[in-house]
Every structure is written in structure tokens, then in C-alpha cells.
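Participant: okay, sequence plus prediction incoming.
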4 protein chains.
Amino acid sequence: MPQLKPLNIGLVGYGFMGRTHSNGYKRVNDFFDLEYRPILKAVCGRSEANAKAFAEKWQYESYETDWKKLVARKDIDAIDICTPNDSHAEIAIAAAEAGKMVLCEKPLARDMKESLPMVLAVEKAGVKNTVWYNYRRAPAVTFAKQLIDQGKLGRIFHYRANFLQDWTISADLPQGGAGLWRLDAASAGSGVTGDLLAHCIDTALWLNGSITTVSAMTETFVKERKHTLTGKVEPVGIDDACAFMCRFENGSLGLFESTRYARGHKALYTFEINGENGSLKWDLHDLHRLQYFNYGDEGPLRGWRSIHVTDSDHPYMKHWWVPGLQIGYEHTFVHQVADFLQDLASGKPTSPTFREALETQAVCDAVLDSAEVGQWQTVVPA
Amino acid sequence: MPQLKPLNIGLVGYGFMGRTHSNGYKRVNDFFDLEYRPILKAVCGRSEANAKAFAEKWQYESYETDWKKLVARKDIDAIDICTPNDSHAEIAIAAAEAGKMVLCEKPLARDMKESLPMVLAVEKAGVKNTVWYNYRRAPAVTFAKQLIDQGKLGRIFHYRANFLQDWTISADLPQGGAGLWRLDAASAGSGVTGDLLAHCIDTALWLNGSITTVSAMTETFVKERKHTLTGKVEPVGIDDACAFMCRFENGSLGLFESTRYARGHKALYTFEINGENGSLKWDLHDLHRLQYFNYGDEGPLRGWRSIHVTDSDHPYMKHWWVPGLQIGYEHTFVHQVADFLQDLASGKPTSPTFREALETQAVCDAVLDSAEVGQWQTVVPA
Amino acid sequence: MPQLKPLNIGLVGYGFMGRTHSNGYKRVNDFFDLEYRPILKAVCGRSEANAKAFAEKWQYESYETDWKKLVARKDIDAIDICTPNDSHAEIAIAAAEAGKMVLCEKPLARDMKESLPMVLAVEKAGVKNTVWYNYRRAPAVTFAKQLIDQGKLGRIFHYRANFLQDWTISADLPQGGAGLWRLDAASAGSGVTGDLLAHCIDTALWLNGSITTVSAMTETFVKERKHTLTGKVEPVGIDDACAFMCRFENGSLGLFESTRYARGHKALYTFEINGENGSLKWDLHDLHRLQYFNYGDEGPLRGWRSIHVTDSDHPYMKHWWVPGLQIGYEHTFVHQVADFLQDLASGKPTSPTFREALETQAVCDAVLDSAEVGQWQTVVPA
Amino acid sequence: MPQLKPLNIGLVGYGFMGRTHSNGYKRVNDFFDLEYRPILKAVCGRSEANAKAFAEKWQYESYETDWKKLVARKDIDAIDICTPNDSHAEIAIAAAEAGKMVLCEKPLARDMKESLPMVLAVEKAGVKNTVWYNYRRAPAVTFAKQLIDQGKLGRIFHYRANFLQDWTISADLPQGGAGLWRLDAASAGSGVTGDLLAHCIDTALWLNGSITTVSAMTETFVKERKHTLTGKVEPVGIDDACAFMCRFENGSLGLFESTRYARGHKALYTFEINGENGSLKWDLHDLHRLQYFNYGDEGPLRGWRSIHVTDSDHPYMKHWWVPGLQIGYEHTFVHQVADFLQDLASGKPTSPTFREALETQAVCDAVLDSAEVGQWQTVVPA
């Protein structure tokens, strides 16, 4: 076995996503045969104590408290952005200009306006880039993509997706600050639209092609919350719930819904796609399963098949255990790292690139616009 | 046991719904203790051979081939309308004017304009009336209503319902004629909106109150079909699929979808309602189950409960078998007959009355209007 | 349509099974095209008040309080036995000797010794006979039989069945008397073995052939209960739970369990059969579904199919509604009546006959013997 | 954060279990706060090429080809045994005598006779020891244990467990050699009994206490297979399937089944336990869920709860992600490492110890004896 080439990672942000990405880097070579090995060179965060603790726990070689220093470091090959949405653009553009590869947590930024310069920056710099829409790489989702590409479903009639949670129902929950920036419009840009629907949209665009027009509605159930940073009760600027109807370029109809007020659902991301010859369903709560209906089956024996996506001929699964033994959420990130490193070796882009993720941003913008004006909106490609 | 009072039924239409209603009349006294017994006095249909055969099979005492004669018969107490939608109004109004009780298959008529005179007619005549929105009386659905009325869910945030089928995907299927009038806009008024969404809307209004505004889209995937009656290929006038977003008077958001192009779903009518304190889900494919999430449960033990609604303290179930032994689709009609007879004895209206069913019609109209003009529409109460 | 030939029914017993059978007789001609029509001639029970009330409710033409009189009546063609197990033999033998057809609720009798003379009596008299092992005629179960007979499963390796209930856990529940004779060994013969396992065994013999040897264990969790008839606390003589392992003649292994102490299960009758090429699973709690695994499916697309057995090409289902609309428990009895009448017209026996049901009895006896002596037992065919 | 203390690991065997354990060691400190950090000091295997490759892939500092050398190394604190069953005893005893901690893959050995000296050796040496019955540490299983210990189920009536697979159905599959030693009686000791039932038994003893008597049957469906090592067709000495009934010390009844011939099941390990006040069910195919039935729930609202065991107050889960995001199979090993290290720090034994695992061995022996002689057997404690 030849010595692996190092890929020096500089991570910005040490929150929840900092952990999922770090885990991806640390595990990938144990399970995948690759030319590259990610090296956890440095983690960066504004609190020195936290950055240091994170570095020690996850065995980063060093830490920084100013991301500009990190970006300037010669020993860093790739900048991974895990900060709240409002800082993605600035960091990504600076990293690209410094010639670093950029791996950016989703969504690309708070909106299209902020996102486009990021795309232009990485393209101008010619640096490898990707956005962590991790659910594409749940094996069951990747498998769905393969089946669709093989034409198993035929002409598509319907696509529907939900992302339902219930963690912000309590009016006592504050907004802003660590862990709660997702409730603060200034940091997050939007509520469930950028946080949850962005996932649904990314998968939909990947599986079913472009969305052309949308009609949306949003709601903020709790209108005021105490702000952690100011200590004052302030208006809530995010959407607690967002639903939209749409039409895809391929003629199919779409229906999307997301909320943090669906009591009983922790993180119920589901999608279903109905074609002339078959249908597929997936549910993040049991992410190792794909439901498949095949109209080609012998008539009276037709039924939804619950496929336990854990066989060695299922996507990514030969790298893990044996049939019947499931993997979990974190593996989607390991897979993205694996693909990133493989693409790095072969000189291919890694989906979704910033450019590809921009389309999700365009749909999100159209959705929020539609909800605001109460009209159908055309999705404007960049 | 005192002699039961007869209620003489005159049934118009001997198709699928003619069978479900007839079965309801014939079974009800075996299982429910009532003052009245329905007597299958006469069935009416345009084909004498078919009417006669139906009468013999189902043991109707007589048959007619002209509904006007049926309505004129002195020995008929109640007219039950099971014909295609375009004839509901004329028959119902005539029946009311003749002083007959009227039981009308849903939807009330093809649209609001046709429906309103029906409501006025029964109200003017003061005759007992009801519309067969049978799913209200699936025990699990009735149970859901009880739980909501008891306040188990608290403030409601979301309501969503689907009615997904796949039986019209083939472009070779003709429109019009026996069994296929549902594909003919002239007979049916609309496609899935009046056929399937009307059920979803009726249940939603019952469980969650009035809908104020809607935004909808429709699609006709197969644009032309041979017409059974003319023998020619003709444009398809119905909606193959319809989805809409809405707002309820209680502040909750609604999302509805119906289609006959969802491969793999035979008759998947589902609804879910999310409240602050709990949630409920139901699925026609397993109609004897209700899913219930109770936020009041001890934290780590919270989970969706799959309630097998077959206990004697569940709605209607003491009349049937023992716990664990499920009933089916047809029983919803038996229950509607039972309630109708009980209400007849006690002098109460039987929900949904024509007046109540008019609200569903108003929502359907707003939905179809919205789809046509591409704008949000306000639901206009009668 | 020619006039239907009458088949005059005399029902003995008006309890739970009296209702299921009566419903079968009353519904069958509405849904099946047959030469015969069952006529509810008379119901018989020891309590005149109850017999009369039952006759009125279910529209029996007359009632009797002495089954011997019923058997002697010239206007009765068939005797249907719905009494507790200890009276099956006497009534059935008398009925056969009187030249009546006999339809006997399962199990045939309390044990083999009591059952054999019943078989000999009907065979000697040459009268049509059947035992109400109704679950064979749940469409999903009949469909399973068809698939096995078509060879879809190949060589069979395993068969397992459970019948789990929880209704006798309370020690306060008395034994004996109306509704509770199943807890009284004198009336029932055994506990769960004759009541529940008999169903599992009947289905197993039908689907998978003869059982050759068994090893069983039984338990009586509540040792004493008040007896309803004597008013005294008396030892409980029945088995509350019974499990057994067995070998089938075809070389497959079997595992069976039944109990009334499985908290949370109302009537969970499940079976599963594993063959070289495929497997099947069924569950009474959702009796309209059959689970099917087909090893012949394309590798990565293999998964258990949940077949909603409601299509017109599924057994019995063309007689009911449309795809997706489920039927329930009571329909299994309607189907048995339909088959009985069809077989009557064509001169064929109706499975299971008394002779066939005797084999279930032989297995039950071997099971109870094995549990008593703690040894493997060979099933002794009659 | 203080410097972590190293725990130097010497791993014997680099097969499937070598990977699961190595992953456990490498992941544990990223997610758990512990005093110790496992150091992958050396891996040992007979093939130098394979041992070297494994060491490089998993970043072991060194490799050995003779386990005796490994055991003799001063820089090794703990020997982890991942070899086929026939070598467990020799290695474990040597390791204990050398004063090393011993972590042994299950089952302890091929039988009781081989296992007892292992127990005596670790106890004599006073070295920390544990057996990798990893499923105890699936969060849902650990949670089941907590609920039982809290008395949520009350008096227990029934315990049933299955471990069903289908990977050896093909008669073309050889026995013996890498990956297939589980089919070779000489290496494995037994077939499904030691491989799969041992897991079921370990969990059962943990959750429900001691088993006193058993009655079992076994079957070998494919009687001869080519042996990889000899190249000849040889008799198959293992059990392809094994089922047993048993009685627990607490008065409850048990039913266990395991097979590699259940078409459609990849690794379906399920257990269910029924108590007076509640019941629990678990299924390895969806290992992040626990089914719970609570008789204490309000009557008509009782139903099996599907608990998504991913909340921070569920066992082990605060160390991973957020509610709704599942973990997988491999995490059970991480948890065992975490507990081992925590117990090491606090001086407590780590369940199951060799002594505890001996009881599973005793049950397995009784099961195999019972199957051989066709009699109930008493479980003989060591």
C-alpha cells in the first residue's frame, strides 16, 4: 500500500456540523481505499477555550480564533465552513481567493444575492468546491438516484417531500446564540426554508431535475422570542413553517412542506416520487430503507418493497459491514468525504458544487418571494 | 323487542355506490339496536335489465326505470341518490319537493352553483337529508374527532391530507360511460377534486374547522381519451391531479394533494394533524388503525402509538366483533345508516347535512378557481 | 336470474360465533352468484328469551330451546353448531344421523377421542360437512395457499405461527358461564391449544402439509379463578399458554406459540413460511395484507413486498369493492358459506371437512400430551 | 483537558470483527469524555501480508504473525481476540497468564468445557475481561433493560427471540476457510447456536434472568459441502437451524429460534418480552427503534409506541447527534469500548464478563444436548 497523500483541512466552526465533518475526515480511510488522507490541521472558532477543547477532543493539530489567519496559512489545503449561514460568503470567497479548496456547509448562504459571488469566486479561482448536502449520500438515496437514472420509474408524474420537526414549539425557547442561531433571521437568513427545505430541494433537483415555478406559503407561529444575545424579547424573523407547490421542467408536479411545529416528528425528512412504471419512497427516520413499487411485477404480487439497503451491491455499502447491519446519519458525511477525495484524485468536480447548490438557492428565493407576495414565482436561474 | 318501524328506501343508481348503500341498509339492524328498519322498496336505473338484476340480487321489492316515477311513489320514504354527479341536483330537488328524505352520494353536485339549490330545496321542504361522506364514520376517524374535541391535541399547527390512486395512468383507458363517468367532466364536474379531495376536505372541515383561503394547481396528464359514449378521441376535461395549500380559520396551515397518477397507491387516503400537545395520523389502507403521538407521555418513552381501533370502547366497535378483529370499508356506510336512523328517531340532523356538505363544495370551487387563475382564492361561504 | 334454491339452516348457539355465521348466511347472496340461498329457519338455545331475541334481531324464522327438536325438524337441511366445545360431538352425531348437513365451529371437539366418532358419523351418513376454520378464507391466506401451490416458495425450510392475546391476564376474571366457557376446561377441553393454536395448526397443515412430531410446553399462569356457575374459587384446568416445536413431513421445522398473556396483542395471529425461493408472512391484525419476499427479484431490489390484497384478481376480492378498500374479519365466514354453497351445487366436499379437521385434533392431542409428559410425541393420524 | 492515559491494544484477528473492534477503539474518544485513550499498538494474524495491510489501513503501529509474541509484548495492555472460536481459549488463557486484560469476541469458546478454564484463568490472574456481546449496547436494547429494571413491565410472562438469516441457503457455498469458518464445526463449535442464538441468549439472560430448562431441536439442511481447506466434499457438522423452548427462573416461558435458511431475512434479530403491565419489542433491522406497549395508558388510547431511540436522554445518545438522526450497528462496539474504559477508570467489571458469558455457554450446551438426545435438559450453572 503506497503512502497516502495528505489533504490538510482547516475547519471553521466547531458546532454540530463541525463534529459531523470532522468525523467524516477521521473515518474515511478506515473504510475506503483512497489516494488521499485528510489531515486535521486546524480548527478555527472565535472562543479560544472552545476551539482548543475541540482541537484536543478531535485531535486537530492546531487551532485558530480568526478565520482569516486560517485562510492565510500555507499548510492548509482546504477550508471547511461550518459556521452560521451569514458568514459563509465572506469566508468562502476569501478561501477561494487564497487558492484553497472550499467545502461549505449548506445552504450556500442566506440567499441568492449572497451566494452568487461565492460561485463566481470558486470558479474564478478554479478551486475544488462542494456543498454538504449530505443526504444525497445516504445509500438509499443514492440508490434511488441510480434507479431513476436507469429509467426504472419511466415518466415522472409526482414528487413530494416533507421535512418535519417539532423542536421549536415551546414559546420559551430563545432565539440567537450558540445552537439557536437557526431561529435568528439575521444569522440564518430564513427559517425552515434554508435549513430544511433546502435539503428537500437539493435532493429533488438531483433526482427529478429543475423546478420552474413555485407557489408558497410561510408562517411564524411564535411571533416573538427572547433573543439570547440582546436579552430582549424581539420579533421572530424566520419562517417556522413553509410549504410550496411547484412544477418541474419534466412536467411533474411537486409538493414540499417543512416545519418545526409537527409534534411527534424529530427529523422526518421523507420524499416520494411517482413514475409511470414505478415509485420510490424514503424516510430519514429509517434511512437505511428504500421503499420501491414496481409496476412491472406480476399483477397480484405487486406491493411496496421495503429494501434494507445494506447489501454489498448497494451504494457505498461494500465499505461497511454485512447485509442487515445498518449504518446511520453520520455516514452520509463520510461518503461525501470519500467522494471528494476520489474526485480530487481523478480531477472531477464533487456534486453538489457551489454552482449546483446555487440552483437550490434560486428555488429557496423564489419560495420565499412567493410566500411574501402571495403569487406564483418563476425560478430564476443564475 | 318491539316491532321496528319501516323506512322505505328508493335507491337511484345501481353502480358501485348502489351496492355500498344497499349493504348499509341490509346490515344495520343485525348489528345496531334501532327503532327503524330500512326496507329496500325499489331500485331505479335506466336499464331495465340491470335494474331488475340488481333488485333480484339485493332483494329490492321492485324496480323502476324512471327516477321521476320513483320519487312520485307513495310507498317511498327516502330517496337515495347514487347516480353520477350531474344528476344529483335534479333528483334531490324533486325528491325534496315530493317530501322525501334525501340521502345523496358525495359530492353534493358538480359545483357550488348546482349545489346551493339542493340545500335550499331540502331546507324549504324540511326533509331529513345527509350526504354520504362515509369516511367520517370509519371508527378510527370518528375516534380522531373525539380526541380533538376533548382537546387532546391543543392548538393546531398543521393539517395535511392526501388521496392517491393510480388507476387512470394508462392512456388506453377511455372516458365516459358506466364505471368511467368519473373521467368525463360533463358527468363528474371535475376529476380528483370532486371525487377524492372532496373526501379529504369534508374530513378536514369536520376535524379542523373552516378553510379560509386556498392556492391550488391542477394537471391533466393524459390530454385526450377515447370517449365511450361517442366512440371518438376527445379532450379530457377533468383534473388528473390537484394539490392545494390553505389556511384554516383556527390559524393552522393545510396541505392537500390528490391524484390518480401515484403509481403504487390504490386508495391511499391519509390525513395528519399536528397540535401543540399531540398529533394524529390515519390511512385508509389500514383503516382500523389510528396513529397517535402524545407529548404528555414521559419524555424518553414518547413514540407514535399504533392504536388498533377494535375495542368495544372505540366508536361503533361494540356493535361488531371483539378486540383485534378488524372491520372494513363497507362498515362506514353501515354506520352512516345507523346514525341516520338513530337521528331520525330522535329528530336530529345527520352530519354532514346538505348545508354542511355545501362548505366542502365551496372549498372545491375555490380550489378549482385558484388552479385556473393561478391566484390565492378566498373560500366564499354560501 | 333463476330462483335460488333454499338451504334451510338450523343454528345451535347464539353467542359470538352464532353472529359470525348468521352474518355469513345473510350476506353471501348479495355478493356471490350462487345456486343456493341460505334461509335462516331456526336458531336454538337453552334460554328462550335469548333465543327469541336473537331470532328477532337476526330475522330467523323461528327458534327452539332443545337442539334435539331442531335436529328432528323436517324443514331443516343443515345444522350449524356454535355451542361450547363439549357439546359439539353429541349434536353433530345426532344431526348426521338425522341426515342433516353439519357445519361445526372449530375445534371439532375437545379432543381426538371425542372427534373421531363425529367424523365416522358424517361419513357413514354421507352428509356434507365442514368445520369453520375461517382464517383459511381470509383472502391473503388463500392467496398464500395459491402461491405455495404454484411453487413460488420452492423447498420449505421453516414455518412459524403465533396467536397472541392478552385478555385473561387479570386474576379477577372468572371462569365458566356465558362468554367465559373458554376458561373452563370442562367446557373447552383445553385452553389456548384448542382455541387458538387449533387455528394456527389448521392453516399450517393446509399450507405446509402434515406434522409428524411435536415437543410442547404449557403453562397456567393464574392457577385459580372463581367459577361463574358454582360461585366458588376453583382450580383452572386450561392452558393459558402453549408453545411447541415440530417437524413437518416435508422436512421443514415448525415453531408455534399461543397465549392469552402477551400484553399488547389483541388477536395477533401471525404465520411465516420460509422457502428456498421466497417467503410469506401474514398477520391477522392487518388481515388484508400479505408480505412476500421473492428471491427471484433483481438482487439489490429485493425486499419484502407489502401486498394490499384487495384487487379483483386476488382470491374472493372481485366480489367486494375496489382496489385499496379492505374487508374485515367477518368476511372470512361469508367466504366459507359461499364455498359451501358452491360445493353443494357441484357435489364437492368443503375444506376443511370433519376428516381434515381431525388431523388438527391429532396435532392438538400430541401437543397436550407432549406438554404433560415432557417428551417429544409422534402425531398419530386417525 | 488533561492528557488521556493510553491503553495499548493488541488485536488478534483482522477479519470482520477485527474491523468492528478497531473502529470502536478509534472512534470512542471523539464522542465520549474518558480518562483513557485506546492506542492501536499491534494487530496479529497468520498472514503477514494481510496483517501488514490491516495495520496500515487501520493505523496500527505494528503487526505480528504469532499471537504468542503479541501476548509476550511488554507494550501491550489488553489482548482483543477476534479469531475463530476454536482459538479463543488458548489465546485468552495465555493472555490472562501474561497479566493482560482480555476482550474476547463472542461466544466465549466452542462449548462450556473449553470456556470454563478461560473464566478461571482471568479470575485467577485478576485481569479485566469482557466478552463482546455487542447488542446489549444498542441504545434501544440498553433502554429496554432500564425500563425492565424500573419495573415498567411488572411480572414477566413471555420472552421470545429470533435470529433469522438466509445467507447459507445455496448448496454451492463451501465450508471452512476465511469468512466461512462459521460453517465448519471444527472451527466454530456449532452453527447458529453459538453464532446467533448466543446473542439472543445473552440478551435474554440480561433482560429476564436465568434460564433453568430447555428443549431444543436442530437441523442441518445441507448435509455436505465442499471444504475450502481440504478441497473435498465433507459432511456439514454444524446446525443450520436451532429452535428451543425454555423456562426462566422468574416463571416466564421462552421461545428462541435461529436459522440461516429464512429467506428474506438478512440479520433479523428480534426479541419481545411480555409483562403484566407492558411489553417491549426490538428488531436489529431497525435497531434505533424500541416498541413499547404500556397497559397503564388510557384504555382506548393504548397502542404500541414506536420509540425512535435518538434523544439525548436515551442511553448513549447524548454522545452522538440530535433527535431523529440514527446511529447504526458499529456504534454498539464503540459503546462497549466506552464502558470498558469508564469501568477501567472506576475499577468496575464490564458486563458481560467471562463469568457472565459462561452462563450463555451453559444454555448453549444444554440446547445442543437437548437437540441431540431429544429430551428436556436442565441448564447446569458452572
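Facilitator: Received it, and whenever you're ready, just let me know what you need.
Participant: what parts of the stretch 101-250 of chain A come near chain B?
Facilitator: A:153, A:157-158, A:160, A:164, A:166, A:169, A:215-217, A:219, A:221, A:241, A:243-245, A:247 (Cβ under 8 Å from any Cβ of the partner chain). Where C-beta positions appear, they are placed from N, C-alpha and C, glycine not excepted.
Participant: and with 6 Å instead?
Facilitator: Neighbours of chain B within the stretch 101-250 of chain A, by Cβ under 6 Å from any Cβ of the partner chain: A:157-158, A:215, A:217, A:219, A:241, A:243, A:245.
Participant: what is the nearest of those to residue A:329?
Facilitator: Closest approach between these and residue A:329, by Cβ to Cβ: residue A:241, at 23.4 Å.
Participant: which strands border the helix or strand hosting residue A:7, and is each parallel or antiparallel?
Facilitator: Counting by DSSP states H and E, the element that carries residue A:7 is strand A:5-12. Partners of strand A:5-12 in the sheet, by DSSP bridges, are strand A:36-44 (parallel), strand A:78-81 (parallel).
Participant: put the alpha carbons of it into PDB.
Facilitator: The C-alpha coordinates for strand A:5-12 follow below in PDB (Å, rounded to 0.1, in the frame of the first residue of the first chain):
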ATOM      1  CA  LYS A   5      -1.200  11.900   0.100                       C
ATOM      2  CA  PRO A   6      -2.200  14.300   2.800                       C
ATOM      3  CA  LEU A   7      -5.100  16.800   2.400                       C
ATOM      4  CA  ASN A   8      -4.700  19.400   5.000                       C
ATOM      5  CA  ILE A   9      -8.100  20.500   6.400                       C
ATOM      6  CA  GLY A  10      -8.800  23.800   8.100                       C
ATOM      7  CA  LEU A  11     -12.200  23.700   9.700                       C
ATOM      8  CA  VAL A  12     -14.100  26.900  10.600                       C
END
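Participant: mind giving me the packing neighbours of the helix or strand following that strand?
Facilitator: Scanning forward in sequence from strand A:5-12 by DSSP H and E, the next helix or strand is helix A:16-31. For helix A:16-31, the packing partners by 3 or more Cβ pairs under 6 Å, 6 or more residues apart in numbering or on different chains; DSSP states H and E come out as helix A:331-346.
Participant: tell me how many other residues crowd residue A:244.
Facilitator: 31 (other Cβ atoms under 10 Å in any protein chain shown).
Participant: can I assume it sits in a helix?
Facilitator: No: counting by DSSP: H, G, I helix; E, B strand; the rest coil, residue A:244 is not part of a helix but strand.
Participant: surely it meets residue A:257?
Facilitator: No: counting by Cβ atoms under 6 Å, residue A:244 stays clear of residue A:257, with 7.9 Å between them.
Participant: flag every buried residue along stretch A:111-131.
Facilitator: Judged by neighbour count using 16 or more other Cβ atoms under 10 Å in any protein chain shown, the buried positions of stretch A:111-131 are A:111-112, A:114-122, A:125, A:127-131.
Participant: now it, how far from the centre of its chain.
Facilitator: Distance of stretch A:111-131 from its chain centroid, counting by Cα atoms, centre = their mean, to the nearest Å, is 16 Å.
Participant: please work out which residues outside that stretch touch it.
Facilitator: By Cβ atoms under 6 Å, 6 or more residues apart in numbering or on different chains, the surrounding residues in contact with stretch A:111-131 are A:89, A:92-93, A:96, A:101-104, A:106, A:108-109, A:189, A:340, A:350, A:352-355, A:357-358, A:361-362, A:365, A:382.
Participant: restricted to helices, list the buried residues of stretch A:111-131.
Facilitator: Among the buried residues of stretch A:111-131, the members found in helices (DSSP state H) are A:112, A:114-122, A:125.
Participant: using a markdown table, lay out the residues you listed together with distance to residue B:45 and pLDDT.
Facilitator: Putting these into a markdown table (distance: Cβ to Cβ, whole Å; pLDDT from 0 to 100) gives the following:
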| residue | distance to residue B:45 | pLDDT |
| --- | --- | --- |
| A:112 | 61 | 95 |
| A:114 | 67 | 97 |
| A:115 | 64 | 97 |
| A:116 | 66 | 97 |
| A:117 | 71 | 98 |
| A:118 | 69 | 98 |
| A:119 | 66 | 98 |
| A:120 | 71 | 98 |
| A:121 | 73 | 98 |
| A:122 | 71 | 98 |
| A:125 | 77 | 98 |
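Participant: the residue nearest to residue A:224 when sequence neighbours are not counted: neighbouring residues, count only.
Facilitator: Leaving aside its sequence neighbours, residue A:224 sits nearest to residue A:233 (Cβ to Cβ, 6 or more residues apart in numbering or on different chains; 5.2 Å). Residue A:233: 12 surrounding residues under other Cβ under 10 Å.
Participant: cool, and residue A:230?
Facilitator: 11.
Participant: nearest residue to it other than its sequence neighbours?
Facilitator: The shortest distance from residue A:230 to any non-neighbouring residue, by Cβ to Cβ, 6+ apart, is to residue A:176 (7.6 Å).
Participant: hmm, that neighbour is touching residue A:231, no?
Facilitator: No: counting by Cβ under 6 Å, residue A:176 stays clear of residue A:231, with 10.0 Å between them.
Participant: have a look at these two and say which one is more surrounded.
Facilitator: Shown here are residue A:176 and residue A:231; by other Cβ under 10 Å, residue A:176 has more neighbours (22 against 9).
Participant: tell me which of the contacts of stretch A:111-131 fall in strands.
Facilitator: Within these, residues falling in strands by DSSP state E are A:101-104.
Participant: tell me the one of those residues nearest chain B?
Facilitator: Chain B lies nearest to residue A:104 out of the ones in strands among the contacts of stretch A:111-131, by Cβ to the nearest Cβ, at 31.0 Å.
Participant: roughly how far apart are the closest one and chain C?
Facilitator: 32 Å (Cβ to the nearest Cβ, to the nearest Å).
Participant: contacting residues around that residue?
Facilitator: For residue A:104, the contact set (Cβ under 6 Å, 6+ apart) comprises A:81, A:88, A:92, A:131.
Participant: cutoff 10 Å now
Facilitator: Going by Cβ atoms under 10 Å, 6 or more residues apart in numbering or on different chains, residue A:104 touches A:12, A:79-83, A:85, A:88-89, A:91-92, A:95, A:115, A:118, A:122, A:129-132, A:354, A:357.
Participant: what do you get for residue A:132?
Facilitator: Residue A:132 neighbours (Cβ under 10 Å, 6+ apart): A:17, A:20-21, A:24, A:80-82, A:103-107, A:332-333, A:336-337, A:340, A:352, A:357.
Participant: with residue A:203 instead?
Facilitator: Residue A:203 sits next to A:133, A:135-136, A:138, A:141, A:144-145, A:159, A:161, A:269, A:271, A:273, A:282, A:360 when contact means Cβ under 10 Å, 6+ apart.
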